[in-house]
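1. Need the 3D shape of this:
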Amino acid sequence: LAEIRFHEAVTAQAHAERIPDATITVLYRRLTETNQDTADVGILLPLPLFDRREGRIQETAADASRAYAQRAATENELLGQLRRAYESLLTYYRQAETYQKTILPKTDRSLELVRTAYEGGEVSILELLDTQRQSNIAHAAYLDVLSKLMQKWLEVEHLVQSQPTKPLSVR
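-> Numbering: from 1, shown residues only. Here you go, the predicted model:
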């Protein structure tokens, strides 16, 4: 944004330099032969017949256009990254929700039933341990999804803070 403002200022300066600066001169003198006081006023106005600084104006306008194009490209890249990160965030959110509402309650209920069956002598210790292992795997997978969800959340937050605060104006 600062680079764009700089190029706009340079372009405005180049446009202003097209208009020549007028110089006003005032000269006082005393004519000794006739004993008179005189004042001469002159205006010097250079006429830009051959050099109207067109090249400088075009150069600064091209620099400003390049800066706008670079900013637009950067903005588009950031928006693409933000879109991809947000889609991943939603995917991990849905996975975490599925674990929380469906998978973990079923796994915990299954473990509870197998534990009750073991205490009643209906199943072996191996079945109880296998069910406990599966429950641990499900809980670990849930924590992994939560970790990825938080990473994507931070990535989205970072990208949102990286976005320019003022939208790019079309020229």
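
2. so where do the strands sit in the chain?
-> Under the criterion DSSP state E, the chain contains strands at 23-31, 36-44.

3. residues making contact with the last one?
-> To tie it back to what came earlier, the one meant is strand 36-44. Contact with strand 36-44 is made by 22-31, as judged by C-beta atoms under 8 Å, 6 or more residues apart in numbering. No exception for glycine: its C-beta is placed from N, CA and C like everyone else's.

4. Please repeat the previous calculation with a cut-off of 10 Å.
-> 20-31 (C-beta atoms under 10 Å, 6 or more residues apart in numbering).

5. ditto for the first one
-> Surrounding strand 23-31, the residues in contact under the criterion C-beta under 10 Å, 6+ apart are 36-46.

6. List the neighbouring strands of that strand plus their orientation.
-> strand 36-44 (antiparallel) (DSSP bridges).

7. Can I get the strand it pairs with in PDB, CA atoms only?
-> Provided in PDB are the C-alpha atoms of strand 36-44 (Å, rounded to 0.1, in the frame of the first residue of the first chain):
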ATOM      1  CA  GLN A  36      14.300  59.600 -12.700                       C
ATOM      2  CA  ASP A  37      13.400  56.500 -10.700                       C
ATOM      3  CA  THR A  38      12.100  53.500 -12.700                       C
ATOM      4  CA  ALA A  39      10.800  50.100 -12.000                       C
ATOM      5  CA  ASP A  40      10.900  47.300 -14.500                       C
ATOM      6  CA  VAL A  41       8.600  44.200 -14.000                       C
ATOM      7  CA  GLY A  42       9.300  41.000 -16.000                       C
ATOM      8  CA  ILE A  43       7.600  37.600 -16.200                       C
ATOM      9  CA  LEU A  44       9.700  34.700 -17.400                       C
END
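
8. pLDDT at residue 151, what is it?
-> pLDDT recorded at residue 151 is 96.

9. just use 9 as the starting number from now, easier for me
-> That works, and once the first residue is 9, the last one we named lands at residue 159.

10. how much space is there between it and residue 165?
-> Going from residue 159 to residue 165 by C-beta to C-beta, to the nearest Å gives 11 Å.

11. anything in contact with each of the two?
-> Shared contacts of residue 159 and residue 165, defined by C-beta under 10 Å, 6+ apart, are found at 93, 97.
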